[in-house]
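Q: kindly generate the corresponding structure for this input.
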Amino acid sequence: MYHSLTPPRQVKIGDAAAFAGITPRAIRHYHQIGLLPEPERGGDGRRRYGYGDMIRLLWIRRMADAGISLDDMRAAFGEAGDQALDQAPDIESVLSRLEETLAAQEAAVKRRRAAVQRLQAVGSPLGLLSEPVTDRLRHLPPGALRPSDLDALLVTERIFGPLGAVIQAGTFVVLATHPDLRAEEDRREAAEAALDDGVEPDDPRVEELAVQRCAHQMALNQAIEAAGLDADEEKIFEVHDADRTGEESAKLMSAATAITKMPYGFSPARMRCLELAGRLFGEALAAAGSADGCSPVPDTVR
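A: Numbering: from 1, shown residues only. A predicted model of the protein is given here:
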């Protein structure tokens, strides 16, 4: 006797999903967004999918494999949900947009691959900083930079951009290669940290530490100049200005805005110390003729 295999006229959602290589949940989503017209339900209340439905599902699967979005699929099939299911989708109108999307994705992948390669070459977390900063610090031996140094560079880069961090990186190079300056930095930081909320802003220690901070910064500047790091900065600035794009500049947050959004929790006394030291340092740079670069705090700023 001859036996023939007769295919069903309609199938349930599970069988339709299995044949198309997707899930029933995906098919229900296609119904919800109008990508696949919802078929009538049978006597048992379940949906039944016919040949035309399966053709649409197979096209959807192929288009998804090609990277076409669901929105673009709807445009390709036509906005009308009841469009004849036996018509092949018109995807020519969306291919150019898909090509642009893929190009952008390829560029993003290239940037990420470059970032991974930098991390492998330089190490983490230093390799996560901008390339000009990383290049300036990568010659230092392992452990020369402290975690707090990298934290400070991360904040500076966010507020002032890569060039601001490049300048600060010069300070950390000097601190890493001059143990005496590093020791003085640690002593001064500990003294300034003691200016907690229990210390009044007009406490004499505030002015004393401001003068010491100024003197220490002048010593760091002298070491930076002696090492030729200031000349290196100028070269980095020239290269960065030539390579910087308008899009890159637009992403930078203004320094005034960024500073107001980065919490430090400094006491009023410590804030006054920093402000006073900054003023003294500016005056010392302007004078540039005194023996030690810093003088006692003038009466006018006490």
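
Q: for the rest of this, base every contact and every neighbour count on C-alpha atoms.
A: Will do.

Q: export stretch 221-232 as CSV, just CAs?
A: What follows is stretch 221-232 as a C-alpha-only set of coordinates in CSV (Å, rounded to 0.1, in the frame of the first residue of the first chain):
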residue,chain,number,x,y,z
ASN,A,221,57.4,73.0,39.1
GLN,A,222,61.2,73.4,39.3
ALA,A,223,61.6,69.7,39.1
ILE,A,224,59.2,69.5,36.2
GLU,A,225,61.2,72.1,34.3
ALA,A,226,64.5,70.5,35.2
ALA,A,227,63.3,67.2,33.7
GLY,A,228,62.1,68.9,30.6
LEU,A,229,58.5,67.8,31.2
ASP,A,230,57.1,71.2,30.5
ALA,A,231,58.6,71.1,26.9
ASP,A,232,57.0,67.7,26.5
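
Q: which residues does it contact?
A: Contact partners of stretch 221-232, identified using CA atoms under 8 Å, 6 or more residues apart in numbering, comprise 170-171, 174.

Q: pLDDT below threshold where in the chain?
A: Scanning the chain for pLDDT under 70 picks out 1-4, 78-91, 93, 239-253, 288-302.

Q: out of the contacts of stretch 221-232, who's nearest residue 201?
A: The shortest gap between residue 201 and any of these belongs to residue 171, at 27.8 Å (CA to CA).

Q: the closest one and residue 220 touch, don't they?
A: Yes. Checked against CA atoms under 8 Å, the pair residue 171 and residue 220 is within contact range at 6.7 Å.

Q: the more surrounded of these two?
A: Set side by side, residue 171 and residue 220 show unequal neighbour counts under other CA atoms under 10 Å, the larger going to residue 220 at 21 against 18.

Q: distance of residue 213 from residue 27?
A: When distance is defined by CA to CA, to the nearest Å, residue 213 is 68 Å away from residue 27.

Q: would you mind telling me which of those two has the busier surroundings?
A: Counted by other CA under 10 Å, residue 213 and residue 27 do not tie: residue 213 has more neighbours, with 25 against 19.

Q: that one touches residue 186, doesn't it?
A: No. Distance between residue 213 and residue 186: 11.4 Å, which falls outside the contact criterion (CA under 8 Å).

Q: packing partners of whichever strand or helix holds residue 171?
A: Using DSSP states H and E, the element containing residue 171 is helix 147-177. In terms of contacts (3 or more CA pairs under 8 Å, 6 or more residues apart in numbering; DSSP states H and E), helix 147-177 is packed against helix 131-137, helix 179-193, helix 204-226, helix 229-243, helix 255-259.

Q: can I assume residue 37 is in contact with residue 29?
A: No. With contacts counted by CA under 8 Å, residue 37 stays clear of residue 29, the gap being 10.9 Å.

Q: which one of those two has more residues nearby?
A: Summary of the neighbour comparison: residue 37 and residue 29, criterion other CA under 10 Å, with residue 37 having more neighbours (17 against 13).

Q: which phi and psi does the more buried one have?
A: Backbone torsions for residue 37, taken as degrees, to the nearest 10, come to phi -60, psi 140.

Q: quick one: it from residue 237, how far?
A: As for residue 37, its distance to residue 237 is 60 Å (criterion: CA to CA).

Q: contacts only, for the residue lying closest to residue 166 once chain neighbours are set aside.
A: Counting by CA to CA, 6 or more residues apart in numbering, residue 166 lies nearest to residue 133, which is 5.1 Å off, once chain neighbours are set aside. Going by CA under 8 Å, 6+ apart, residue 133 touches 162-163, 165-166, 169.

Q: how about residue 190?
A: Residue 190 makes no contacts at all, as judged by CA under 8 Å, 6+ apart.

Q: likewise the one 4 residues further on?
A: Neighbouring residues of residue 194 by CA under 8 Å, 6+ apart: there are none.

Q: thinking again about what came up before, most surrounded residue in the contacts of residue 133?
A: Highest neighbour count within these: residue 166, with 27 neighbours (other CA under 10 Å).

Q: and that one, what does it touch?
A: Counting by CA under 8 Å, 6+ apart, the residues that residue 166 touches are 132-133, 136, 233.

Q: out of those residues, who's nearest residue 156?
A: Of all those, the one sitting nearest residue 156 is residue 133; the distance, using CA to CA, is 11.0 Å.
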